[in-house]
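Undergrad: With the input below, show me the fold.
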Amino acid sequence: MPTCENCGAEVPVMAAALPFCTDCLESGRESVRAKIHQAHSRARIPFNLPELPPQTSGGIACGFCARDCRMGEGEAGYCGLRENRDGRLHHHAGTARAGLLQYYFDPLPTNCVADWVCEGSKQRGFYNLAVFYGGCTFNCLNCQNWHHRDLIAKRRPLVSADELADAADEHTFCICFFGGDPSCQMPHSLATARRLAERGVRVCWETNGSMNPRFLRSALKLSLATGGIIKFDLKAHSDGIHRALTGSSNQRTLENFALAAELLSERTHPPPVVASTLLVPGYISAAEVGRIASFIADLNPDIPYALLAFHPQFLLSDLPRTSRRHGEEALAAARASGLKNVRLGNIHLLGSAY
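TA: Numbers count the residues shown, from 1 in each chain. As a prediction, this is how the structure comes out:
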């Protein structure tokens with residue numbers, strides 16, 4: 001059985017990149033933080049991304065997301081999409097004129113995080129316009145879509161908001177912005193969404209929730225008006241565990257989720273907000289799920305919550321798939337919190353390794 005590199009405690013499952021128990025990850029000890037930083041650096045250096053958000057005194061402030069980058073001359077922001085060029089904020093992508101993305105049409109029903117509460121699951125013969133953005137405000141060591149970084153390295157393809165909106169036709173029921181994450185390209189997604197909202201297309205986002213609240217408020221209005229859903233990925237409740245897995249605090253995510261939760265009273269079907277959590281073996285326990293679920297339930301117990309089975313990816317590829325026992329215990333913990341609508345998704349991935 002693996003042992004924690006810091007305290008020696010035995011744990012059933014552990015990744016080589018994060019050789020610590022959850023108690024030590026939550027502790028914030030310097031030796032633990034140093035090892036975590038090494039892991040996150042390994043995930044970024046090959047893609048020529050900054051290891052940390054730049055905080056240059058007197059630098060240009062970006063303000064797009066919770067990372068609050070301040071870039072000195074020639075410095076790039078954490079997401080890799082902006083830089084200080086000649087004393088001005090230069091955008092490689094993320095504006096109405098240029099989004100760094102790939103898009104495709106996904107036949108409905110599809111494997112949407114909110115599929116069990118979404119109208120799209122009933123729309124056979126129609127399509128979801130799936131928008132996969134390059135760039136992210138987090139640095140998840142278990143990223144299921146880590147290849148979004150290839151788009152940043154190539155800085156293409158670039159697609160304008162007009163071009164993306166024009167791709168939709170009469171069979172397009174909804175659009176969903178994901179990635180990567182739309183948080184660092186919100187002006188582009190909002191410009192696209194406004195064009196499609198006028199044509200009756202439902203507008204959805206799938207996000208880590210770290211965007212500037214002013215962008216979130218605009219997104220919420222569009223989703224609410226069109227019958228769309230904003231799907232928040234709540235990766236952890238403990239800030240220490242969240243930092244270990246993502247390289248970022250979860251404070252802005254939780255604040256933005258609370259802001260979005262206020263909308264549930266304005267529309268109950270389909271729900272305007274849905275939460276999800278990936279059950280990362282060894283790190284996101286049933287107890288951690290219970291804490292996330294209690295946070296959600298305190299805001300509104302009617303908010304739907306999806307628990308997702310983990311498949312080994314990226315720097316945590318040495319972990320097993322989520323076990324069935326883990327999934328069932330997490331499901332029970334979420335329900336015990338008082339939430340009324342919880343499901344366990346990706347059940348075909350569930351294993352039995354622990």
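
Undergrad: and for stretch 79-91, what are the contacting residues?
TA: Residues from elsewhere that reach stretch 79-91, judged by Cβ atoms under 8 Å, 6 or more residues apart in numbering: 47-50, 59-60, 62, 64-65, 67, 69, 71-77, 92-94, 98, 100, 134-137, 152, 184-185. Backbone N, C-alpha and C define where each C-beta goes, glycine included.

Undergrad: Could you list the low-confidence segments of the stretch 101-250 of the chain?
TA: Within the stretch 101-250 of the chain, not a single segment meets pLDDT under 70.

Undergrad: Do a quick rundown of the strands in it.
TA: Using DSSP state E, counting those that start in this stretch, the strands assigned to the stretch 101-250 of the chain run over residues 127-133, 158-159, 172-179, 202-207, 230-233.

Undergrad: The first one - which strands sit beside it in the sheet, and in what orientation?
TA: Sheet partners assigned to strand 127-133 using DSSP bridges are listed as strand 99-107 (antiparallel), strand 172-179 (parallel).

Undergrad: Which residue comes closest to L264 once chain neighbours are left out?
TA: Taking Cβ to Cβ, 6 or more residues apart in numbering as the measure, L264 lies nearest to N300, with 4.9 Å between them; neighbours along the chain are not counted.

Undergrad: Quick check: the gap between the one you found and A39.
TA: 35 Å (Cβ to Cβ, to the nearest Å).

Undergrad: Kindly report the same for D86.
TA: Plainly put, D86 is 35 Å away from A39 if you go by Cβ to Cβ.

Undergrad: The two: who's more crowded?
TA: Using other Cβ atoms under 10 Å, the more surrounded residue of D86 and A39 is A39, with 20 against 7.

Undergrad: is it true that the more buried one touches F314?
TA: No - between A39 and F314 there is no contact, the gap being 10.6 Å when judged by Cβ atoms under 8 Å.

Undergrad: Tell me who's in contact with the spatially most central residue of the chain.
TA: With distances taken as Cα atoms, centre = their mean, the residue of the chain nearest its centroid is N208 (3.0 Å). Under the criterion of Cβ under 8 Å, 6+ apart, the contact partners of N208 comprise C136, T137, F138, D181, S183, F232, D233, K235, T246, T253.

Undergrad: circling back to that earlier point, quick one: contacts for the residue nearest to L264?
TA: Residues near N300 by Cβ under 8 Å, 6+ apart: A261, L264, S265.

Undergrad: Just the closest of those residues to R202, please.
TA: Ranking those by separation from R202, with Cβ to Cβ as the measure, puts L264 on top at 17.2 Å.

Undergrad: Looks like that closest one contacts P271 (just checking).
TA: Yes - the pair L264 and P271 passes the contact test of Cβ under 8 Å, sitting 6.3 Å apart.

Undergrad: so what's in contact with those two at the same time?
TA: Contacts common to L264 and P271, judged by Cβ under 8 Å, 6+ apart, are D302, I303.

Undergrad: Around the nearest residue to M211 once chain neighbours are set aside, how many other residues sit close by?
TA: Closest residue to M211 in three dimensions, ignoring its sequence neighbours and counting by Cβ to Cβ, 6+ apart: S183, at 4.0 Å. S183 has 32 neighbouring residues, counting by other Cβ under 10 Å.

Undergrad: Tell me who's in contact with S183.
TA: By Cβ under 8 Å, 6+ apart, the neighbours of S183 are F64, C65, C136, T137, T207, N208, G209, S210, M211, F215.

Undergrad: Neighbour-wise, which one of these leads?
TA: Ranking the contacts of S183 using other Cβ under 10 Å puts C136 first, with 31 neighbours.

Undergrad: these two touch, right, that one and C184?
TA: Yes - distance between C136 and C184: 6.8 Å, which falls inside the contact criterion (Cβ under 8 Å).

Undergrad: Could you say which helix or strand holds Y283?
TA: Secondary-structure element containing Y283, defined by DSSP states H and E: none, the residue being outside all helices and strands.

Undergrad: sorry, back to before: overlap of the contact sets of A39 and F314?
TA: Here A39 and F314 have L141 as joint contacts, going by Cβ under 8 Å, 6+ apart.
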